[in-house]
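**Student:** Can you look at this prediction? I've put the sequence above it.
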Amino acid sequence: MLERSISPRANIRSVANRDGGVLLDIERGQMLSANPMGAWIWQMIEAGKSRTEIIRAIGDECGVDTGVVARDVDEFLTSLRSHHLVSE
């Protein structure tokens, strides 16, 4: 199965620091805050990483089972989709 690419929508602005991040949809006037892990995932999306690459990076860095990571990443991606922050 071919993995769909995930990219930030053009109308999204973001800022991140060690405490997390904020995503701003300038068209809808909506803002979403993210914890540090969410901000890291967003940065990987901005860097063009695929879902699989994101899961692998988090699993390797944090020493967490990729099944657990996949579930959490998918939940975050679902939230990004529901807020219209990414396109595929």
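**Tutor:** Nice, I can see it. Given the structure is predicted, the values throughout are model-derived calculations rather than measurements.
**Student:** mind listing what's buried in the helix or strand harbouring Leu24?
**Tutor:** Here Leu24, judged by DSSP states H and E, is contained in strand 20-25. In terms of neighbour count (16 or more other CB atoms under 10 Å), strand 20-25 has its buried residues at Gly20, Gly21, Leu23, Leu24, Asp25. (C-beta placed from N, C-alpha, C; glycine too.)
**Student:** so the second one bridges to which residues?
**Tutor:** With DSSP bridges as the criterion, Gly21 is bridged to Ala16, Ala34.
**Student:** can you tell me which of the buried residues of strand 20-25 lies nearest to Trp40?
**Tutor:** Nearest to Trp40 out of the buried residues of strand 20-25 is Gly21 (CB to CB; 8.5 Å).
**Student:** Residue ranges in the protein under the pLDDT threshold?
**Tutor:** Applying pLDDT under 70 to the chain flags residues 1-2.
**Student:** Buried ones in the lengthiest helix in it, by neighbour count?
**Tutor:** What stands out as the longest helix in the chain, according to DSSP state H, is helix 66-82. Of all the residues in helix 66-82, those buried under the rule 16+ other CB under 10 Å are Val69, Ala70, Val73, Phe76, Leu77, Leu80.
**Student:** wait, doesn't the first one sit right on Ala57?
**Tutor:** What that stands for is Val69. No - look at Val69 against Ala57 with CB atoms under 8 Å: they stay out of range, at 9.1 Å.
**Student:** Count the residues that sit near the residue nearest to Leu80 when sequence neighbours are not counted.
**Tutor:** Among residues not flanking Leu80 along the chain, Val86 sits closest, at 4.7 Å (CB to CB, 6 or more residues apart in numbering). Using other CB atoms under 10 Å, Val86 has 18 other residues around it.
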